[in-house]
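Student: this one's structure only:
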C-alpha cells in the first residue's frame, strides 16, 4: 500500500498530475489493467497539461492546436482493481512545430511506477488541415514544464 512519501516525491517532481481510480472494467481477462487503458491515463495527463498552458481550447476557433503524432508505453508493474493511479506528464523537448511529452503512471497499491511512456505532439492548423508552427508563448510555457529535480 502507498506509503505517501514516495507518492509525495513523485508529485513534487512532476509538473502535472491527476489521480485516477482504477475501474473494475479497466481489467482484462488476465486480471490486470488492459494495456490500452494506460493510453487513456496518459491522455488524462496530456489534456490537463494542454489546459494548463491554454493549448486545448484553440481548436474550437479553427486555430492551431495539438495533435498526437506518436505514442509509446513501457509497462513495469501490472495494476489491478482496486487501486488508484496518479498519471503524470512533463515536457522533454520543444522544437519549432512539435514537442515531446513524458508520461508516468504511479500505482498507489504498489507504491511505484507502473508504466512510462512518451507522446510526440505536433502543432496542427485545424482550419487548413496541416502542420503549423507553435507560437512563442505556448513554446515558452511548454519549455517551463520539464521534470523537477
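Tutor: Noted; the coordinates are in hand. Because the structure is predicted, anything quoted here is derived from the model rather than measured.

Student: and the longest helix for the protein?
Tutor: Selection of the longest helix in the chain by residue count, based on DSSP state H, yields helix 35-53.

Student: at which residues are the strands of this structure located?
Tutor: Using DSSP state E, the strands found in the chain span residues 16-21, 64-75, 84-94, 98-107, 112-125, 130-131.

Student: distance of the residue lying closest to residue 107 once chain neighbours are set aside relative to residue 108?
Tutor: Using Cβ to Cβ, 6 or more residues apart in numbering and skipping residues adjacent in sequence, the residue nearest residue 107 is residue 114, 4.2 Å away. Every residue, glycine included, has its C-beta placed from N, CA and C. Computed as Cβ to Cβ, to the nearest Å, the residue 114 to residue 108 distance reads 10 Å.

Student: right, and residue 149 touches residue 15 too?
Tutor: No: using Cβ atoms under 8 Å, residue 149 is not in contact with residue 15; the gap is 11.9 Å.

Student: neighbour count: those two, which is higher?
Tutor: When neighbours are counted by other Cβ atoms under 10 Å, residue 15 comes out ahead of the other of residue 149 and residue 15, with 17 against 5.

Student: tell me the contacts of the more buried one?
Tutor: With contact set as Cβ atoms under 8 Å, 6 or more residues apart in numbering, residue 15 has these partners: 49, 89, 90, 145, 146, 147, 148.

Student: tell me which of those residues is nearest to residue 31?
Tutor: Of all the contacts of residue 15, residue 89 has the smallest distance to residue 31: 27.6 Å, by Cβ to Cβ.
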